[in-house]
Every structure is written in structure tokens, then in C-alpha cells.
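In: just a sequence and a predicted model for now, questions to come.
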Amino acid sequence: MENTKELRNWLEAMKLSHPLVIAGPCSAETEEQVLKIAHELKNTDATVLRAGIWKPRTRPGNFEGVGALGLKWLQKAKEETGMLTTTEVANAHHVDLALQHDVDILWVGARSTVSPFIVQEIADALKGTNKIVLIKNPVNPDLSLWLGAVERFYSANVKNLGVIHRGFSTYEKTKYRNNPEWQIAIDLQHKFPDLPLILDPSHIAGRRDIIFDLCQTALDLNYDGLMVETHYDPDNAWSDAAQQITPATLKQMTIDLKIRKEEGDAVEFKNKLATLRTKIDVIDNQLIEMLGKRMKIADAIGELKRKNNVAILQSKRWNEILGKMILEGEEHNLSEEFILRIYKAIHQESINHQNKIVSQEKSLH
Ligand code: PEP
Ligand code: MN
């Protein structure tokens, strides 16, 4: 991708005074539902109406979308409200139908981005189009797969591109439905600063209560827009009920979100500083999460040592870890003194954890 400036033109052409807001239901359910939501969204910052027509379900048996019929409802919503429309396409047939029904923006879903075959099929079907195409991150945390999809569209002469960050699936249950892994989106932004980046907080959160904070973090990281699942009756939505919010909540949210505009030297300095600080916060959260995970493993080792009556402190193993980490530290420009201090503290915390486990045993007797 040589002239990546082209990637931003469509966003600038929209002349928005705020980040792009795409909103609408996870799935189009009925004509009335699509129209009612579209009309309610007219009073918000949302300028693009989203609705899934074909729903890729991880397990069969859930609502799989209304199909092509729903495209007519989107067309009607556009006529009545003047909003642009967007839906997910997952094969060449979907692309044909979406184009026939004048859908303005097409998005590629997370389950499609993982497959270069599918991505290529969609890119070929859209060859040379002026339509905007937004590519969601793949389900698994793999930056190259995401970039590879962008490159396939770019090579098919689709220049109006953007990406949507919707988080990454993990086997372990966390507070998120899909772990944000902000670092991956930050890396992508660093590589292609002109590629519009949009956050989908709904699929990251999987629940309503953390959507606001996710949006604020994205704005602090200079994202270009938000795609938020919105329904007039979220609890009774046919898919993704727990994560949808009402148009009224969306409206309040966009009022409460702090959006920093990049203008003037002092403001620019403040913005840059705030962005860097948010990046630090992301990494600090990761550090604490990793330390927590490490301590859990130390607990399991403590349990094992207790059962086998082995001493907690094993200095040979400890010296091996230190030696390895000092070398590793050198590669990352971290001094030996720093590594020693950090690892002594970590080691002490592990010992405290293990002591607790062993003393629990003693108090049982
Ligand atoms: C959706 O946007 O409703 C959807 C299915 O998203 P994803 O591809 O991110 O799971
Ligand atoms: Mn959804």
C-alpha cells in the first residue's frame, strides 16, 4: 500500500464534526424494527445505519438473519432518514445482493477475515468499487491476517478502506466477550496511520455496562469512529441482546464522551501526551494481568510442593530464572539492576503466596 493517504479520503469527504458513528441493531429483524431504530437514530450523532442481514453464528441453531429481504428495509430506512447504510457481506453472492440494494458501506466480519479464501472472494467481487469497505479484525489475535485482508482489497483496487476493531476471542472467560488487545490495533495504527480505525465496543464488551469506557479509550487513542449495536428494545433483540443499547443511551454517551480535536500547538501537545498516556495505561493493565496470571501458577506450584512435602525456596531454579531474564532484559534495553529489582519483588510475592498455601495446610491440622 504505497499511497495510504487515499485510505482516509472517504472519511474526510463525510465532513463530520465528530468521530464517525455507525449504529443500529445487531440483526435486522422486521421492517418495523429497522425503521423504528433508524428514526430514533436520526436524533443522534449516528450517520450510518448498521444491521446484520446474514448472521454468521459460531454455533448453528441461533438466529441466522432474515436474508436478502432485509436489504429492502435498509433501502427504505435510507430513503426515510437520509442515513447511509451498512451490512456484513461474507461471500460474492452477498456482495451482489448488497450492491443491487444500494448498501453504502460493506463490512467484512471477524469470522471472514480469518480466511484468505473468503477475503479474496469478496475482494474480487468488489474489484474497483468506490464503495467503502470496512474490515473487522480476525477472531484470533493476528495482526498479519488483518493487514493481509486490507492488502487483498487494496490490490483489488478498492481504495475506500477502513478497519473495525472488535476484539479477539480467548478460551479463558474474561470480563470481555472478546479481549480488546489494544496493542494490536495500536500496532496497526502505527503501520498505517491513514487507515481509518473504528471501534466496535459492542462485540468487545458483550455487555452494556462497559461500552462507554471502551469508547473513551478508543477516542483517547485517536480512533476515527465507533460502531455501536443499538436497538429500541435491547433485551428482546434476536441476537446479541446483552450488548445492545438504546438510541437514547447512545445519544447520552456521545454527549458524555470526551473528544479531543487536534488543533493548535498547545492542544496538539496535550492530545499527543494523552494518547501516549493511554498507551501506557493499556500496557500497565496488561502487566498487572500477566502478574496475576503468574501468581496463579505460583499458587498451583505451592499446592504441588505442599502435597509432596517439598521446600518452597528452590535456589537453583531461582538463579536460572534470574540469569535468563537478565539476558532477555538486555535485548529490550533494560538494565541488569532493574531486572534484579523487579524479579526480586516478583519472587517475594510468589513466596508469600506459596507460604499462605502451606500455612493453610498447617492450620488444618
Ligand atoms: C456483528 O457485527 O454483528 C458481527 C457478527 O460482528 P463480528 O464479525 O465482529 O462478530
Ligand atoms: Mn452482533
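Out: On my side now, so go ahead. Ligands and ions are numbered 1, 2, ... in the order given.

In: every contact and neighbour count from this point should use C-alpha atoms.
Out: OK.

In: what lies in contact with stretch 16-24?
Out: Here stretch 16-24 makes contact (Cα atoms under 8 Å, 6 or more residues apart in numbering) with 37-38, 41, 45-51, 223-231, 259.

In: could you pull out the helices for the stretch 101-250 of the chain?
Out: With helices called from DSSP state H, counting those that start in this stretch, the stretch 101-250 of the chain shows them at 110-113, 116-125, 143-155, 182-191, 201-205, 211-220, 247-256.

In: chain neighbours aside, what residue packs nearest to L313?
Out: I351 (7.5 Å; Cα to Cα, 6 or more residues apart in numbering).

In: and the one you found, what's its pLDDT?
Out: At I351, the model reports a pLDDT of 88.

In: could I get the phi/psi values of it?
Out: Backbone torsions for I351, taken as degrees, to the nearest 10, come to phi -60, psi -40.

In: near ligand 1, which residues of the stretch 151-300 of the chain?
Out: Counting by Cα under 6 Å from any ligand atom, the stretch 151-300 of the chain comes close to ligand 1 at 166, 203.

In: please name the residues that touch whatever residue of the stretch 151-300 of the chain ends up closest to ligand 1.
Out: Of all residues in the stretch 151-300 of the chain, R166 sits closest to ligand 1, at 5.3 Å by Cα to the nearest ligand atom. Neighbour list for R166: 110, 136-137, 178, 180, 199-204 [criterion: Cα under 8 Å, 6+ apart].

In: could I get those residues as CSV with pLDDT and distance to D213?
Out: Listed next are the contacts of R166 as CSV, based on pLDDT from 0 to 100; distance: Cα to Cα, whole Å:
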residue, pLDDT, distance to D213
A110, 98, 22
K136, 98, 20
N137, 98, 20
N178, 97, 15
P180, 95, 12
L199, 98, 12
D200, 98, 12
P201, 98, 9
S202, 98, 11
H203, 98, 14
I204, 98, 11
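
In: all strands for the protein, in order.
Out: Taking DSSP state E as the criterion, the chain carries its strands at 20-24, 48-50, 84-88, 105-108, 132-136, 161-165, 197-199, 225-229.

In: now distance to L304 and mean neighbour count too, for these, in TSV please.
Out: Formatted as TSV, the strands of the chain follow (distance: least, Cα to Cα, whole Å; neighbours: other Cα atoms under 10 Å):
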stretch	distance to L304	mean neighbour count
strand 20-24	51	26
strand 48-50	52	28
strand 84-88	50	25
strand 105-108	47	23
strand 132-136	43	25
strand 161-165	41	26
strand 197-199	43	28
strand 225-229	46	25
